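Undergrad: Take a look and give me a structure for this.
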Amino acid sequence: MKSIKWITRTAALAAVLFVAQSSAEVGKPPKGFTALFNGKDLSGWWGLKTEDPAKWMALSPEKFAEKKAASLKDIAKHWSVDGEELVNDGHGMYLTTEKNYGDFELLVDYKTVAKADSGIYLRGIPQVQIWDYTKEGGKWNIGADKGSGGLWNNSKGAPGKDPVVLADNPFGEWNAFRIVMVGERVSIWLNGKLVVDHARLENYFNRKGPLPRTGPIQLQTHGGEIRWRNVFIREIGTEEGNKLLASKGNDGFKTVFNGKNFKGWGGPVDNYVVNDGTIQCKKGSGGTIYYDKELSDFSVRFEYKVPPGGNNGLAIRYPGSGDTAYVGMCELQVLDDTAKKYAKLHPAQYHASAYGMVAAKRGYQRPVGDWNFQQVTVAGSTITVEMNGTRILTADLANVEKPMYDINKFKGRLRKSGFFGFAGHGDAVSFRNVQIKSLK
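TA: Got it, this is the predicted structure:
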């Protein structure tokens, strides 16, 4: 893996290059990017307001077609093309991409007028804020004095809600955004300045739930003319996405697997192999191996890959013997959720669930055979799982509401310390880049 410094330098260079690109080559996407606006008409776009993607995505094909057709009539009234620019009159529905996106890098320029208010919705979720940052704009009481670029619909005090620096250009000048999104994690540069650093975008429509895995880009309009140009996007693949996630928030993490042997690990290590820097359970073997240092509160981050139908688990506060699902705090599932043989499992048996106790959200794994990036944080009786940048489980095991079995079967769920490890179940599941940070 390339160094964090390399990733940081590359990100900074990309931001600088983009600012130059925006002013010098209007309408021409940089290498690797695709233009969302063709410079001629509104092909590839339709209209939405602030609407929960979970609802309109659930419409029947017929109902969706009706909704889209009606929206295009509204779009035609309020949106127009002026050379290389998209223009909105300050009213109507928001221009919305027909295609839905997962992880991406988005470049977009905008120019607006005094007292205007706008934004960019990511995967249909509000929003990257754009507004009048001057006192005359009348919105200093809600944060406009801090400038544009924040994730304004995040909860009060949440990281990313306010931009870390004021980076807006004066009215009449173009502004350039660079937005990188992996999972729920968003980083934003405005005019070459980092204004949001790897913050979670909250789901405005369901604060307790994760963001949708994919969704459209929306250009919001809200009370004043706004012009857009250089609307370019580049989809981010698995390897790059994992590197970006690994490069952030890693202070205090210690590598606990050396990639060569099982030094520092206990349990039935003969049932596992080390292959090309990975720990892999031998097919047909299993058992729980563990990092041989007792932990209380901690975070662990790693990459994993499952073969078709693969099944494994994470041993959390494991005592060193027995079935961690019952004698440890829990076993967090590692599973190919897409396998047909697992189609009728209990919800708390799927990937990242606290086995038999609390179900994780599904649908956020990468395709079978790809590497996934996962981080688990254990604090007191609560476990949080973030997978591929999206939080899919927050569970307090002191308050389990609908367990698979009698809760008394899970005797270790309130353990205050133990080991971290991998609970193999006979499948060749692989792990690498295992790092742990003690929180106590």
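Undergrad: Isn't Gly286 up against Gly426?
TA: Yes - Gly286 is within contact range of Gly426, at 5.0 Å (criterion: CB atoms under 8 Å). C-betas here are computed from N, CA, C, even on glycine.
Undergrad: Looking at the two, which is more packed in?
TA: Ranked by neighbour count (other CB atoms under 10 Å), Gly286 and Gly426 place Gly286 first, with 20 against 16.
Undergrad: and that one, what are its bridge partners?
TA: In this entry, Gly286 is beta-bridged to His425, by DSSP bridges.
Undergrad: What of Gln218?
TA: Assessed by DSSP bridges, Gln218 has beta-bridge partners Thr96, Tyr121.
Undergrad: how close does it get to Pro53?
TA: Noted for Gln218: a distance of 10 Å to Pro53, by CB to CB, to the nearest Å.
Undergrad: List the residues that contact Gln375.
TA: Contact analysis of Gln375 by CB atoms under 8 Å, 6 or more residues apart in numbering lists 299-301, 385-387.
Undergrad: Any chance of JSON lines for those, columns pLDDT, neighbour count and distance to Arg178?
TA: Formatted as JSON lines, the contacts of Gln375 follow (pLDDT from 0 to 100; neighbours: other CB atoms under 10 Å; distance: CB to CB, whole Å):
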{"residue": "Ser299", "pLDDT": "98", "neighbour count": "21", "distance to Arg178": "29"}
{"residue": "Val300", "pLDDT": "98", "neighbour count": "20", "distance to Arg178": "31"}
{"residue": "Arg301", "pLDDT": "98", "neighbour count": "20", "distance to Arg178": "26"}
{"residue": "Val385", "pLDDT": "98", "neighbour count": "24", "distance to Arg178": "29"}
{"residue": "Glu386", "pLDDT": "98", "neighbour count": "26", "distance to Arg178": "23"}
{"residue": "Met387", "pLDDT": "97", "neighbour count": "24", "distance to Arg178": "25"}
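Undergrad: I'd like to know how many residues surround Gly32.
TA: Neighbours of Gly32 under the rule other CB under 10 Å: 10.
Undergrad: Leaving out chain neighbours, which residue sits closest to it?
TA: Among residues not flanking Gly32 along the chain, Arg234 sits closest, at 5.0 Å (CB to CB, 6 or more residues apart in numbering).
Undergrad: Secondary structure element holding the one you found?
TA: strand 226-235 (DSSP states H and E).
Undergrad: the helices in the protein, which residues?
TA: Assigned by DSSP state H, the helices in the chain fall at 4-24, 53-56, 61-78, 238-246, 324-327.
Undergrad: can you tell me which residues contact the closest residue to Lys341 other than its chain neighbours?
TA: Of all residues not flanking Lys341 in the chain, Gly309 sits nearest, at 6.1 Å (CB to CB, 6+ apart). Contacts for Gly309 (CB under 8 Å, 6+ apart) come out as 336, 339, 341-342, 427.
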